[in-house]
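Visitor: Next input, structure requested:
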Amino acid sequence: MKQDRLGILLLLVGALMLVTRVQPGNLLTELVWLAGFALLASFLWRLLAGRAPLGVRLGAHGGLAIVAAASLDELAGSAFLGFLGLAFWLVYLHGRGGRRRTGWALIPAGVLTTLALVAGVEALFPRWDGGIIFLLGMTATFTLIYLLPREEGGGRWALWPALAWAGITMLANDPAGGLARWLLPLALIGAGVAILGWARGRGRG
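Guide: Numbers count the residues shown, from 1 in each chain. Below is the predicted model of the structure:
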């Protein structure tokens, strides 16, 4: 246990020392830096799993999120939201107690990850419409929940919000009223998703 604490302390001290040597502003540097912090946060979460309560893990993760965001420039807002989303992904992937303890984490994980993508796109490409990315992200979140088996946190109920978000996305992307030519392929895609979820449910039933 003492060795674990020493290792965690060395990781945090080393990360803080690196922060003082990074010059924000270079996009490639920020992307590499952000990826490194995400890997460090995931490693630290797994290291503390089973050895520290959830509150301690969230506190350590939040500290890394603040350090990561403070060391970035263009991606600072996206990084902070992304780390919040990553926390819920880690709760889902490494939680205990089965579906009732971890399945709920999929929704905030998907929402926060989507918001992080929107913030990143709007910071890097101001002319892009971040609203479309948000709608696509919400559709993908509930589609994932629908396709996952129940023992992994999925639920058949998620089909309806997934279809609703998909419908909103189609309407938002149809200012000229040319939706009719997209209805058949989109209906086929929706039917395929529904059949996949039904087949998975029967296969595990």
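
Visitor: Please tell me I have it right and residue 163 contacts residue 189.
Guide: No. Judged on Cβ atoms under 8 Å, residue 163 makes no contact with residue 189 at a distance of 11.0 Å. Where you see a C-beta, it was placed from the backbone N, CA and C, and this is true even at glycine.

Visitor: higher neighbour count, those two?
Guide: When neighbours are counted by other Cβ atoms under 10 Å, residue 163 and residue 189 differ, and residue 163 comes out ahead with 17 against 11.

Visitor: element containing that one?
Guide: For residue 163, the enclosing helix or strand under DSSP states H and E is helix 159-172.

Visitor: Residue 166 contacts residue 194, doesn't it?
Guide: No. In this structure residue 166 lies outside contact range of residue 194 using Cβ under 8 Å: 11.6 Å.

Visitor: the more surrounded of the two?
Guide: In this view residue 166 and residue 194 are compared by other Cβ under 10 Å, and residue 166 has more residues nearby, 21 against 16.

Visitor: How about the more buried one, nearest residue that isn't a chain neighbour?
Guide: Nearest in space to residue 166, with sequence neighbours left out and distances taken as Cβ to Cβ, 6 or more residues apart in numbering, is residue 139 at 4.9 Å.

Visitor: which residues touch the closest residue to residue 49 other than its chain neighbours?
Guide: With Cβ to Cβ, 6+ apart as the criterion, residue 49 has its nearest non-adjacent residue at 5.2 Å, and that residue is residue 94. Taking Cβ atoms under 8 Å, 6 or more residues apart in numbering as the contact definition, residue 94 lies against 45, 46, 49.
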